[in-house]
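>>> Could you work out the structure for the sequence below:
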Amino acid sequence: MSLQLKLITPTATVMDEEVDQITLPTANGEITILPGHVNLVTKVVAGEMITKKGNRSQGFAVFGGFLEVSKDKVSILADYAVRAEDIEVGRAKEAQERAQKAMKDKATGQDFRIANAELRKALLELKVATKHKRIVSK
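From the prediction side, this is the model:
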């Protein structure tokens, strides 16, 4: 038995395939979904999602959204999601630096909140990329 996983963002379908298990962060903590899981709707929070199929694992950086489980079909509508192997480490480091600078320059208001979200996204991408690509940060 397997699960049909659809991972969708506002800009693309990141994944649409069968997997054996999914582990991801939710508002109530990390959960693992296996075939036969009860129906569920919950909020997804920023963090690492891992899918397994056979002996192969795949990592993703996910940043917010919602999860629905229904009859071995899993739909994740994420604000942002990227496969670990698709993360461009150099670009993520540049985004981290830009966000840190913006946070120093704009200590209050909407600009600070945007910069903070961008910083969290960049740090998450770097964490997931480092773990799954075995990259050593410089």
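>>> tell me the domain boundaries of the chain?
Per automatic domain parsing, the structural domains of the chain span 3-84, 87-133.
>>> any idea how far the residue of the chain most remote from its centre lies from D111?
Here the chain reaches farthest from its C-alpha mean at D105, the gap being 28.1 Å by Cα atoms, centre = their mean. Plainly put, D105 is 8 Å away from D111 if you go by Cβ to Cβ, to the nearest Å. Backbone N, C-alpha and C define where each C-beta goes, glycine included.
>>> Same question for S75.
33 Å.
>>> if you count what's nearby, which of the two comes out ahead?
Summary of the neighbour comparison: S75 and D111, criterion other Cβ atoms under 10 Å, with S75 having more neighbours (16 against 13).
>>> what pLDDT does that one get?
With respect to pLDDT, S75 scores 97.
>>> Please identify the helix or strand for it.
Here S75 is covered by strand 73-78, with elements defined by DSSP states H and E.
>>> For stretch 115-122, buried residues please.
Residues of stretch 115-122 classed as buried under the neighbour-count rule (16 or more other Cβ atoms under 10 Å) are A115, A117, E118, L119, K121, A122.
>>> So what does the third one look like in phi/psi?
Reported as degrees, to the nearest 10, the phi and psi values for E118 are phi -60, psi -40.
>>> Please name the residues that touch it.
Residues in contact with E118, defined by Cβ atoms under 8 Å, 6 or more residues apart in numbering, are A95, R98, A99, A102.
>>> Thanks a lot, see you next time.
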